[in-house]
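A.B. asks: structure for the following, please:
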Amino acid sequence: MELNLKGKTALITGASRGIGRAITERLAQEGCHLHLASRSAEDLQTAQNELASKYDVEVKIYPMDLSQSSNVNALAAACSDSDILVNNAGAIPAGSLASVDEAAWRSAWDLKVYGYINLCREMYLCMKARGKGVIINIIGVAAETTEANYIAGTAGNASLDAFTRALGGASPVDNIRVLGINPGLTATDRIVTIMKQNAQAKGLDLNDWRELLGDMPFGRMAEAEEVADLAIFLASDRAAYITGTVMTIDGGLSSRGKLF
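C.D. replies: Model (predicted):
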């Protein structure tokens, strides 16, 4: 299927690992030039070298902390030519209301919630001036559930879900599409490490962590590449009439009414 992405330019945050890294790979395969942002300069350099060696695309990197508004503004100014924005940076800690203190809560939301909103604001203005654009927010399936033991994530993701729908409902007047993706548990390096730790805590060999997934849909987590495939379809002209919506990729997990 021709996605007509060749020659376009995409900005991806949280681009050096996990879902963000998988999205960069898929976009590069389609011929997209890339702006990659994350906190880790070393990981970004590795990604840049790998992508540039395999694909005939331009790859620029921006090691910066997007919880700082000044960095968001600088990134948007440097990447104002982007046809596509993928917001993916940030991880909100698990825990109950009592266990996630104000400092941890604010720090997480500065990156994942306000970081997304601020970059959307800046990049939307750039896209509006150019007369086109696509924004995809990678949010998380906790937006669709009410998990008290992931209360900061549930509340933050629900806010981004509503923000995405509201902005995407109004954006066609500017020839811009705004969408979201809610991945469920996904087998990124970070999650696999956590699962290995959980396996050891339960007396299992760390390499037997998959034994903990028996209650998961299809007996496994999603793969980052599966989320990436959905993202590049939504970014493409094949999805030209899709905006103001958030798509879930979790094997039906959230339809059970709970994540855990």
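A.B. asks: all strands for the protein, in order.
C.D. replies: 9-13, 33-38, 59-63, 84-87, 133-138, 176-183, 245-249 (DSSP state E).
A.B. asks: for the stretch 1-150 of the chain, which residues score under the pLDDT cut-off?
C.D. replies: By pLDDT under 70, the stretch 1-150 of the chain has no low-scoring segment.
A.B. asks: ok, back up a step: deepest of the strands of the chain, which one?
C.D. replies: Looking across the strands of the chain with neighbours counted as mean count of other CB atoms under 10 Å, the highest average goes to strand 84-87: a mean of 28. For every residue, glycine as well, the C-beta is placed using N, CA and C.
A.B. asks: any residues touching it, and which ones?
C.D. replies: Residues from elsewhere that reach strand 84-87 (CB atoms under 8 Å, 6 or more residues apart in numbering): 8-13, 20, 23, 27, 32, 115-116, 119-120, 123, 127, 133-138, 231, 235.
A.B. asks: check stretch 144-155 too.
C.D. replies: By CB under 8 Å, 6+ apart, stretch 144-155 touches 92-97, 100, 104-105, 108-109, 140, 142-143, 161, 182, 248, 254, 257-260.
A.B. asks: okay, how far is it across it, tip to tip?
C.D. replies: Length of stretch 144-155, first residue to last, CA to CA, to the nearest Å: 10 Å.
A.B. asks: can you pull the domain assignment for this structure?
C.D. replies: As assigned by automatic domain parsing, the chain contains the domains 9-186+223-249, 188-221.
A.B. asks: okay, these, which one's buried deepest?
C.D. replies: Of these, domain 9-186+223-249 is the most buried (mean count of other CB under 10 Å), at a mean of 19.
A.B. asks: now render the strands of the chain as CSV, adding distance to residue 207.
C.D. replies: Shown next, in CSV, are the strands of the chain (distance: least, CB to CB, whole Å):
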stretch, distance to residue 207
strand 9-13, 31
strand 33-38, 28
strand 59-63, 33
strand 84-87, 32
strand 133-138, 29
strand 176-183, 24
strand 245-249, 26
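A.B. asks: and of those strands, who's closest to residue 202?
C.D. replies: Smallest distance to residue 202 across the strands of the chain (CB to CB): 24.9 Å, for strand 176-183.
A.B. asks: that closest one vs strand 133-138, what angle?
C.D. replies: 20 degrees (axes from the mean of the first three to the mean of the last three CA atoms, to 10 degrees).
A.B. asks: just the CA trace of strand 176-183, in PDB.
C.D. replies: Coordinates of each C-alpha in strand 176-183 appear next as PDB, following Å, rounded to 0.1, in the frame of the first residue of the first chain:
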ATOM      1  CA  ILE A 176      -4.700  19.800   9.900                       C
ATOM      2  CA  ARG A 177      -5.500  16.400  11.400                       C
ATOM      3  CA  VAL A 178      -5.000  15.600  15.100                       C
ATOM      4  CA  LEU A 179      -5.300  12.100  16.300                       C
ATOM      5  CA  GLY A 180      -4.200   9.900  19.200                       C
ATOM      6  CA  ILE A 181      -3.200   6.300  19.800                       C
ATOM      7  CA  ASN A 182      -3.800   4.500  23.100                       C
ATOM      8  CA  PRO A 183      -1.300   1.600  23.300                       C
END
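A.B. asks: right, and residue 200 touches residue 212 too?
C.D. replies: No. Applying CB atoms under 8 Å as the test, residue 200 and residue 212 come out as separate, 10.9 Å apart.
A.B. asks: picking that back up, redo the domains of the chain as JSON lines? Include distance to residue 2.
C.D. replies: Below are these laid out as JSON lines (distance: least, CB to CB, whole Å):
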{"stretch": "domain 9-186+223-249", "distance to residue 2": "8"}
{"stretch": "domain 188-221", "distance to residue 2": "29"}
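A.B. asks: what sits closest to residue 69 if chain neighbours are left out?
C.D. replies: residue 118 (5.8 Å; CB to CB, 6 or more residues apart in numbering).
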